[in-house]
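1. build the 3D model from these lines:
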Amino acid sequence: MSKNNIQKNYLGQQAGFTLLELVIVVFIIGTLSGLVLANHRSGQKKYALSQTTQQLVSDLRKVQNMAMSGVDIEGQYYGYGIYIRRLDSVVYYRIYADKDGDSKYDSDESLETVNLPEGIEIKSTSPASKVDVFFRSPEPITYINAPASVNPGTITLELEGTSSTKTITITTAGLIYSN
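-> Numbers count the residues shown, from 1 in each chain. Here you go, the predicted structure:
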């Protein structure tokens, strides 16, 4: 073969990608990007559920510590608690100070209302449709739906539209934990 024939054969071959190859690569990249984005959003929602659960546990422990340390906000007090009532539209809970000594929530005793983030709801409460966790001051006595219950109280938070839940349990001995 002569030098001209070799150059002619080499130059005659096309280098590059076909249209079909490019379409396949773009499809694969698009599919992978969609999967990553969907998993990221799902992960963000599950993180919000975990954060909300930890915030409620933290608030329960804060109220418990306030009662045990004898924090006095506006004069006479008997202890502190958190009131959660499960209704269709409930997306908050209330922190309160008991001023009349009945060891339960009254609407005029509210110190703070904590709103749950969008997409997080209270799925269930036990032992009833409300959980009133009260810590009597200065003794470390825990009341769940006063008078003192022998059963632990549970609060289940749910990621709206999914089956992802987190449960918080409060025992009458004052132990607070979540799963």
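
2. how about the one residue sitting closest to the centre of the chain, nearest residue that isn't a chain neighbour?
-> The centroid of the chain falls nearest to Leu49 when counting by Cα atoms, centre = their mean (2.3 Å). Computed as Cβ to Cβ, 6 or more residues apart in numbering, the closest residue to Leu49 that is not its neighbour in sequence is Leu159, at 4.8 Å. C-beta here means a position set from N, CA and C on the backbone, and glycine is covered the same way.

3. may I have the beta-bridge partners of that neighbour?
-> When assigned by DSSP bridges, Leu159 has beta-bridge partners Ile120.

4. got the contact list for it?
-> 45-46, 48-49, 119-120, 165 (Cβ atoms under 8 Å, 6 or more residues apart in numbering).

5. now the residue nearest to the centre of the chain: how far from Asn179?
-> In this view, Leu49 and Asn179 are 12 Å apart by Cβ to Cβ, to the nearest Å.

6. go on, Leu20?
-> Leu20 is 51 Å from Asn179, by Cβ to Cβ.

7. ok, now Tyr105?
-> To Asn179, Tyr105 is 25 Å away according to Cβ to Cβ.

8. ok, those two, which is more surrounded?
-> A direct count of neighbours by other Cβ atoms under 10 Å for Tyr105 and Asn179 places Tyr105 higher, at 23 against 9.

9. which ones are touching that one?
-> Neighbours of Tyr105 in contact, by Cβ under 8 Å, 6+ apart: 81, 83, 94, 96, 98, 132, 134.

10. shared neighbours, Leu49 and Asn179?
-> Lys166.

11. tell me the pLDDT at the nearest residue to Lys123 once chain neighbours are set aside?
-> Closest residue to Lys123 apart from its sequence neighbours, by Cβ to Cβ, 6+ apart: Glu158 at 3.8 Å. pLDDT for Glu158: 90.

12. same deal with the one 5 residues further on?
-> With respect to pLDDT, Ser163 has a value of 84.

13. what are the phi and psi values for it?
-> For Ser163, the backbone dihedrals are phi -100, psi 10 (criterion: degrees, to the nearest 10).

14. cool, the one 3 residues further on as well?
-> The phi and psi values for Lys166, taken as degrees, to the nearest 10, are phi -140, psi 140.

15. do the same with the one 10 residues further on
-> The phi/psi pair for Ile176 (degrees, to the nearest 10) reads phi -120, psi 120.

16. that one contacts Thr154, correct?
-> No - with contact defined as Cβ atoms under 8 Å, Ile176 does not count as touching Thr154 (11.1 Å).

17. okay, those two: which has more neighbours?
-> Ile176 (20 against 16).

18. which of the contacts of Tyr105 has the most neighbours?
-> Those, ranked by neighbours (other Cβ under 10 Å): first place Gly81, 30 neighbours.

19. good, we can wrap up now.
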